[in-house]
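In: no sequence for this one, just the structure:
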């Protein structure tokens, strides 16, 4: 199924996240939808609320709370650094 990451992120914001970034991690055979949200302390509540707002296939398998979104020099969210936070042993 096709997943629109922007729709997932919008659903997480509607569920209470100030900022949200979603991405698909893993290989085609073992892919999982992961999201990072601020505020850090509300990640589990946001995931629960998002489950009532998003279709089942767009609910992240894991929602990780971060204190602030890491940014690149251009001011965009640093997705590679977020992936490293999810899997510290990976080299992005």
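Out: Everything's here; your move. Bear in mind that the values here come from a model prediction, so they are computed numbers and not experimental data.

In: and the helix or strand bottoming out on mean pLDDT in the chain, what does it pack onto?
Out: Every helix and strand in the chain was compared by mean pLDDT, DSSP states H and E; the lowest is helix 79-86, with a mean of 86. For helix 79-86, the packing partners by 3 or more CB pairs under 8 Å, 6 or more residues apart in numbering; DSSP states H and E come out as strand 19-25, strand 32-38, strand 62-65. Using the backbone N, CA and C atoms, a C-beta is placed for each residue, glycine as well.

In: any idea how far that helix is from the chain center?
Out: Centroid separation for helix 79-86 versus its chain: 10 Å, with CA atoms, centre = their mean, to the nearest Å.

In: ok, now stretch 63-76?
Out: Here the centre of stretch 63-76 is set off from its chain's centre by 11 Å, with CA atoms, centre = their mean.

In: hmm, back to that, by how many degrees do the least confident helix or strand of the chain and strand 19-25 diverge?
Out: 80 degrees (axes from the mean of the first three to the mean of the last three CA atoms, to 10 degrees).

In: go through helix 79-86 and flag the buried ones.
Out: 82, 83 (16 or more other CB atoms under 10 Å).

In: residue contacts, the spatially most central residue of the chain?
Out: For the chain, the residue nearest the mean C-alpha position is residue 35 (1.2 Å; CA atoms, centre = their mean). Residue 35 makes contact with 8, 9, 12, 20, 21, 22, 23, 47, 60, 62, 63, 64, according to CB atoms under 8 Å, 6 or more residues apart in numbering.

In: how does it look with 7 Å?
Out: 8, 12, 20, 21, 22, 60, 63 (CB atoms under 7 Å, 6 or more residues apart in numbering).

In: quick one: the third one from residue 28, how far?
Out: When distances are taken as CB to CB, to the nearest Å, residue 20 and residue 28 turn out to be 24 Å apart.

In: so for the two, which residue has more residues nearby?
Out: residue 20 (25 against 6; other CB atoms under 10 Å).
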